[in-house]
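*Asks:* Next comes the sequence, and after it the predicted model I'd like to discuss.
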Amino acid sequence: VTMPPCKRCFMLLVASGVKRIVTRKQMLQQEAKEIEPAARRHEISLEVVLDSEERRRRLDELGAARTAKRRKTDPESTAD
């Protein structure tokens, strides 16, 4: 599971023989206009698995913990 591929990455996936692409977000409309028909021609399944509220909350917690740790080791840090 990753982000939707750009056109260049999609071409590399096609060339490598990938038959299923799973993303966490919908493809941008402009990219989808070109990629979806090509995926059908190459019999590649495009699937979207959206983040659950629990997963999103956990990612936010991990990000906050990382920022707090960075600030603790580097008080001058402006990471937010």
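*Replies:* Nice, thanks for sending it over. Numbering: from 1, shown residues only.
*Asks:* average pLDDT for the strand or helix carrying residue 55?
*Replies:* With elements taken from DSSP states H and E, the one containing residue 55 is helix 53-73. In this model, helix 53-73 carries a mean pLDDT of 87.
*Asks:* who's in contact with the residue lying closest to residue 18 once chain neighbours are set aside?
*Replies:* Spatial nearest neighbour of residue 18, excluding adjacent residues (CB to CB, 6 or more residues apart in numbering): residue 44 at 6.5 Å. Where C-beta positions appear, they are placed from N, C-alpha and C, glycine not excepted. Contact analysis of residue 44 by CB atoms under 8 Å, 6 or more residues apart in numbering lists 13, 14, 18, 19, 20, 21, 38.
*Asks:* Repeat that for residue 40.
*Replies:* Going by CB under 8 Å, 6+ apart, the list of residues near residue 40 is empty.
*Asks:* just checking, next helix/strand downstream of the helix or strand where it lies?
*Replies:* Assignment of secondary structure by DSSP H and E places residue 40 within helix 29-41. Past helix 29-41, heading to the C-terminal end, the next element that is a helix or strand (DSSP H and E) is strand 45-48.
*Asks:* Tell me which strands that following strand pairs with, and in which orientation.
*Replies:* Strand 45-48 sits in its sheet next to strand 20-23 (parallel), going by DSSP bridges.
*Asks:* ok, and what's touching the partner strand?
*Replies:* Everything outside strand 20-23 that qualifies as a contact, by CB under 8 Å, 6+ apart, is 1-5, 10, 13, 39, 44-49.
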